[in-house]
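# What would the 3D arrangement of this be:
(one chain, ligands or ions: 1)
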Amino acid sequence: MAFPAERLEGRFAVPSDKSLSHRALILGALASGETRIFGLLDADDVMATVEALKAFGVEVERVGKSGWQVIGGEWRSPAAPVDCGNSGTSARLLMGAAAGFDLTATFTGDDSLRRRPMRRVREPLEAMGARFEGGDTLPLTLHGGGLHGIEHLNSPPSAQVKSSILLAGLQAAGPVRVIEPQPSRDHSEIMLGAFGGEVATHDGVVELGDRRHLRGARIDIWGDPSAAAFGWVAAAIFPGSSVETRGVMVNPLRVGILDWLERMGADVRVSNPCRVSGEQVTDLRVRHAQLRAVEVPANAAPAMIDEYPLLAVAAAFASGTSLFHGLGELRVKESDRLAAIAEGLQICGVEARIKGDTLSVTGGLVAGGAVASHGDHRIAMAFLVLGLGAREPVTVDRAEMIATSFPGFVAAMRGIGARIEEQE
Ligand code: S3P
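Purely as a prediction, here's the structure:
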């Protein structure tokens, strides 16, 4: 339950990046020799990848307080179905990585993951020579091995699909090309370089080079912009607020929300830029300003696809009606996020409408109420942020799902002065 807040101030504690954490583990498991990972995100989704890799026979263990060690090698058929929990990234990337080995594996997940579309990875992997039993959703059984090249059109843009193909491609013979009419996050491409792999991106084509043998590496993972964004938006919407986040990974294909918060009028300052394991990292400070409505085109979506619940919350406190176009992909996230955003806003007395793939949100007085998270961590967190600025408290159900990506969310919020209470 989130209560109306005074101004928010201080440093918002940001957990490590989730996308990078999955990739560091999986690439380490495909590389020869030892991989050391520092700053792996300790959250349920990432632990689903850890457990899955162990089931494939990979040696993965925690070393010391903040490190992990992965010893890559040949993967074997798991003895039981691989349970990816709530994590679409685990399921889709692991299917690609496993497809290169001569093994059989059944992938499954929780109720939410078993509803999400898997044909988008199944089809390209089949085109590369993998075989599947099952339909378009989990559970799916993969028979891997004997892969060849592919040229795949990545539409709608999906970093998970692209990554799945690149990971399978490491063990495929022939050219592996992903055509991206709109770029999606490129962490896999960057991290493949750190493991000695080769990926070239030119004119919207991502192509795996001939050097496909990976060597173990040291990977350092910094703050997750998708988690930091809860602190940024909280600061942007409450008068007098000023919130700092340190050491946040700011890959340009991830931080579209900063650009749009600035266009809405928020004061965003960047300092101490540096590069870690190939990714840009900076400190940031966001200060409140009276926000105004924006119209966000569809081509802005891939660089902030997970941040729309928060952008919609910001829009609820802005003057005027904001329009967010091209949100079809939100329907197949951990929940039907488009419907969940509109429903939550309406429950809290905010005018929100969906027309096709466009969401409109009219800013004004935010009343508060009991919001259904639909078991979606980002919906739960976004509406708790909204609750800080509402006239009455906001409650969200199934708040335990927040642990899939950001177990320290409540503590981080309290650290900047927010009042959030957990109920039995
Ligand atoms: C992710 C890619 C995005 C994002 C997800 C994580 C990744 O999904 O929504 O939370 O780590 O590659 P899509 O690639 O399906 O858009």
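# could you pull out the strands for the stretch 1-150 of the chain?
9-11, 34-38, 59-63, 67-71, 82-83, 104-108, 131-133, 140-143, 148-153 (DSSP state E, counting those that start in this stretch).
# Need the winner for burial among those strands.
Among those, ranked by average contacts under mean count of other CB atoms under 10 Å, first place goes to strand 82-83 (a mean of 23). The C-beta positions use only the backbone N, C-alpha and C, and glycine is treated the same way.
# what helices or strands is that one leaning on?
Here strand 82-83 touches helix 44-55, strand 104-108, going by 3 or more CB pairs under 8 Å, 6 or more residues apart in numbering; DSSP states H and E.
# what comes up buried for the first one?
What that stands for is helix 44-55. Across helix 44-55, burial judged by 16 or more other CB atoms under 10 Å covers 44-50, 52-53, 55.
# Let me know the angle separating it from strand 104-108.
160 degrees (axes from the mean of the first three to the mean of the last three CA atoms, to 10 degrees).
# quick one: contacts for the residue lying closest to Val296 once chain neighbours are set aside?
Closest residue to Val296 apart from its sequence neighbours, by CB to CB, 6 or more residues apart in numbering: Phe324 at 4.9 Å. Applying CB atoms under 8 Å, 6 or more residues apart in numbering, one finds that Phe324 lies in contact with 296, 308, 311-312, 315, 358-361.
# Next, format those residues as JSON lines and append secondary structure and neighbour count.
What follows is the contacts of Phe324, written out as JSON lines (DSSP: H, G, I helix; E, B strand; the rest coil; neighbours: other CB atoms under 10 Å):
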{"residue": "Val296", "secondary structure": "strand", "neighbour count": "24"}
{"residue": "Tyr308", "secondary structure": "helix", "neighbour count": "24"}
{"residue": "Leu311", "secondary structure": "helix", "neighbour count": "27"}
{"residue": "Ala312", "secondary structure": "helix", "neighbour count": "27"}
{"residue": "Ala315", "secondary structure": "helix", "neighbour count": "31"}
{"residue": "Thr358", "secondary structure": "strand", "neighbour count": "17"}
{"residue": "Leu359", "secondary structure": "strand", "neighbour count": "27"}
{"residue": "Ser360", "secondary structure": "strand", "neighbour count": "19"}
{"residue": "Val361", "secondary structure": "strand", "neighbour count": "26"}
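# quick check, nearest of the residues you listed to Val82?
Among these, Tyr308 lies closest to Val82 (CB to CB), at 29.6 Å.
# near the ligand, which residues of this protein show up?
With CB under 6 Å from any ligand atom as the criterion, the chain comes near the ligand at residues 19, 89, 158-160, 163, 184-185, 305-306, 329.
# Most neighbours among the residues you listed, which one?
Highest neighbour count within these, by other CB atoms under 10 Å: Ser163, with 30 neighbours.
# wait, doesn't that residue sit right on Gly96?
Yes. Applying CB atoms under 8 Å as the test, Ser163 and Gly96 come out as touching, 6.7 Å apart.
# would you list the strands of the stretch 1-150 of the chain in JSON lines and tack on mean pLDDT and distance to Gly196?
Conversion of the strands of the stretch 1-150 of the chain to JSON lines gives the following (pLDDT from 0 to 100; distance: least, CB to CB, whole Å):
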{"stretch": "strand 9-11", "mean pLDDT": "97", "distance to Gly196": "36"}
{"stretch": "strand 34-38", "mean pLDDT": "98", "distance to Gly196": "11"}
{"stretch": "strand 59-63", "mean pLDDT": "97", "distance to Gly196": "20"}
{"stretch": "strand 67-71", "mean pLDDT": "98", "distance to Gly196": "15"}
{"stretch": "strand 82-83", "mean pLDDT": "98", "distance to Gly196": "27"}
{"stretch": "strand 104-108", "mean pLDDT": "98", "distance to Gly196": "26"}
{"stretch": "strand 131-133", "mean pLDDT": "98", "distance to Gly196": "30"}
{"stretch": "strand 140-143", "mean pLDDT": "98", "distance to Gly196": "26"}
{"stretch": "strand 148-153", "mean pLDDT": "98", "distance to Gly196": "20"}
